[in-house]
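Asks: how would this look folded up:
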Amino acid sequence: MKAPTLILLTSLLPIGAASYESTTQTLPILNDGEPTVVLRFNFQTKWTRTLTDIKIDIQGTTDISDIQELSVMMDRKAGDLLMGKSAPKKGISTLNQSTKIPAGNHTCKLVIRTKKNADLLHRIGLQIKEFTFKDGKNITVAANKNYAPSRLAYNINNRGQDKCHAFRIPAIARANNGNLLAVYDMRYNSRRDLQEHMDIGLSVSKDGGQTWSAARPIMDMGTYGGKPQKENGCSDPGIIVDATTCEIFVTACWTHGKPNTHQWSGKGSGPGLGIHQSTQFMAVKSVDHGESWSAPDNWTKALKDPSCHLFAPAPGNGITMADGTHVMPTQGRDSKGRPFSNLTWSKDHGKTWHVSSHARDNTTECAIAELSDGSLMLNMRDNRNRDGKGATNGRAVSTTKDLGKTWSKHSSDHGALPEPTCMASLISLKHTHGKHVLFFSNPNSKKGRSKMTIQMSLDDGKNWPTKHHILLDTKGGAYSSLVEVDDQTIGILYESSAADMIFQKIQLKDFIK
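Replies: Here you go, the predicted structure:
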């Protein structure tokens, strides 16, 4: 049974001999056809009573056929006790089951079984309305006015699949033929970062994200140099699509040797260019919309300042500007080992690349977007937010009009976009009415990686009104990557509470409230 995916507004309703208590959460519902817990609640009764019916409001559901079965069960050491079961019906669905509920405080769950591959644009709404007892002393649950139906999600990767302990670090882009390409870390032995055995994996969707291919490695350094795979790990993928040609680049870090280290600290990566000195900046290329990939190409000597401890791609997506310039968000550690964020650009379709000045120090993973005036915005994870949980908490945001020669702080810097110090995603596009729009995703919290939220700005990131926020995952959400699926829809690939790596998509009209 999967983790809870929807929990209602906190309430305690004493009704004589029994009471009901639940808590609000919005979480993704996987459309894999497996039984899924969508609500957990506490149910207390002072003596044994017979429950005859449970009424459930499903009016928030887009398509009733997306739900194959509803059931309510009580957790018990001896096995779950079925309290009610039924196929869904329009409006109010009644679960019939004559069940003796023993005295005590019980943890219960509402479970659904979804239709396999139900439309990802659909939502499922379920609220318990009433518990009916044989003695006539019923519990009526007040409607939650703030309740929002949950969105369906596709489980791209989960722990244990494809011989992997875990999947992490998402990046997603749309190829020129419309295919969606999702890349990520395939972490075989554990969730830990480099150095470990990990490859860059790929899944492809040819139907707008509705279904996805199984994971396959596209960057794997094997046992290079006679070292074991756990000393040849590749991690932190970035992806960029040439809007003119069919070429797609996927970049990543490669660490050779250096067991039990981390590239962001100590001797995990140091000054110099060689594979025994520094983590390497690697790339693979596809010219057929992601069907096949080149052997890994080492860009370290062309990009890295030898005095720096680290130069690496930032995970997530790069962009092609309106004038055809390719831009990748990048990051590193300077000659003193201090973190920085910047960008790397190419005007000849990726044949040669140029590294910008540092946008900000003590920042790392960053995301890039072109603004309405043609300038670039770099939105950065800031290490100061590890301790700064007050008014100064927020993403570091800088802009440049000269491809990173000079930088200016943006008005939204350290204040508009809270973060728990975590990678985030930023994309720009034109809405169907022609207006330039920014979308941003991250765990919208100062304290922990939870509350995965997509936000929209209509003024080049100066403001991110709450009326343009969509909460996807209250319980979880860490690293994420956004993509324009089509001119009506955006998608998000992220680390969730439901599975290691899931995909959801949202129509643009849903952000206008």
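Asks: so Lys475 sits right up against Gln25, yeah?
Replies: Yes. Using Cβ atoms under 8 Å, Lys475 makes contact with Gln25 at a distance of 5.8 Å. To be clear about C-beta, it is placed using only N, CA and C from the backbone, and glycine gets the same treatment.
Asks: higher neighbour count, those two?
Replies: A direct count of neighbours by other Cβ atoms under 10 Å for Lys475 and Gln25 places Gln25 higher, at 21 against 18.
Asks: quick check: bridge partners of the more buried one?
Replies: With DSSP bridges as the criterion, Gln25 is bridged to Ile7.
Asks: ok, now Asp297?
Replies: Ala283.
Asks: just checking, it touches Leu303?
Replies: No. Taking contacts as Cβ under 8 Å, Asp297 lies outside contact range of Leu303: 11.7 Å.
Asks: neighbour count winner among those two?
Replies: Leu303 (19 against 13).
Asks: is the more buried one in contact with Phe311, as I believe?
Replies: Yes. Applying Cβ under 8 Å as the test, Leu303 and Phe311 come out as touching, 5.9 Å apart.
Asks: hey, what's in contact with both of those two?
Replies: 281, 355 (Cβ atoms under 8 Å, 6 or more residues apart in numbering).
Asks: contacting residues around Arg174?
Replies: Counting by Cβ under 8 Å, 6+ apart, Arg174 has contacts 180-181, 241, 483-485.
Asks: can you add pLDDT and give those residues back as a markdown table?
Replies: Converted to a markdown table, these look like this (pLDDT from 0 to 100):
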| residue | pLDDT |
| --- | --- |
| Leu180 | 98 |
| Leu181 | 98 |
| Val241 | 98 |
| Val483 | 98 |
| Glu484 | 97 |
| Val485 | 98 |
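Asks: which of these fall in strands?
Replies: Among the contacts of Arg174, DSSP state E puts 180-181, 241, 483-485 in strands.
Asks: can you say which of the residues you listed are buried?
Replies: 180-181, 241, 483-485 (16 or more other Cβ atoms under 10 Å).
Asks: how about CSV for those residues, with distance to Asp135 added?
Replies: Below are those laid out as CSV (distance: Cβ to Cβ, whole Å):
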residue, distance to Asp135
Leu180, 55
Leu181, 59
Val241, 65
Val483, 55
Glu484, 57
Val485, 53
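Asks: residues near Asn177, how many?
Replies: Neighbour tally, Asn177, other Cβ under 10 Å: 11.
Asks: chain neighbours aside, what residue packs nearest to it?
Replies: His289 (4.6 Å; Cβ to Cβ, 6 or more residues apart in numbering).
Asks: now the one you found: phi and psi?
Replies: phi 60, psi 30 (degrees, to the nearest 10).
Asks: same question, Ala153
Replies: phi -140, psi 150.
Asks: over to His468?
Replies: phi -110, psi 20.
Asks: nearest residue to it in space, please, no chain neighbours.
Replies: Here the residue nearest His468, using Cβ to Cβ, 6+ apart, is Met456, at 3.9 Å.
Asks: Gln504 too?
Replies: Ala153 (4.7 Å).
Asks: hmm, back to that, and which of the ones in strands among the contacts of Arg174 is nearest Leu51?
Replies: Taking Cβ to Cβ as the measure, Leu51 lies nearest Val485 of the ones in strands among the contacts of Arg174, at 44.3 Å.
Asks: look up how far Asn105 lies from Lys46.
Replies: Distance, Lys46 to Asn105, by Cβ to Cβ, to the nearest Å: 10 Å.
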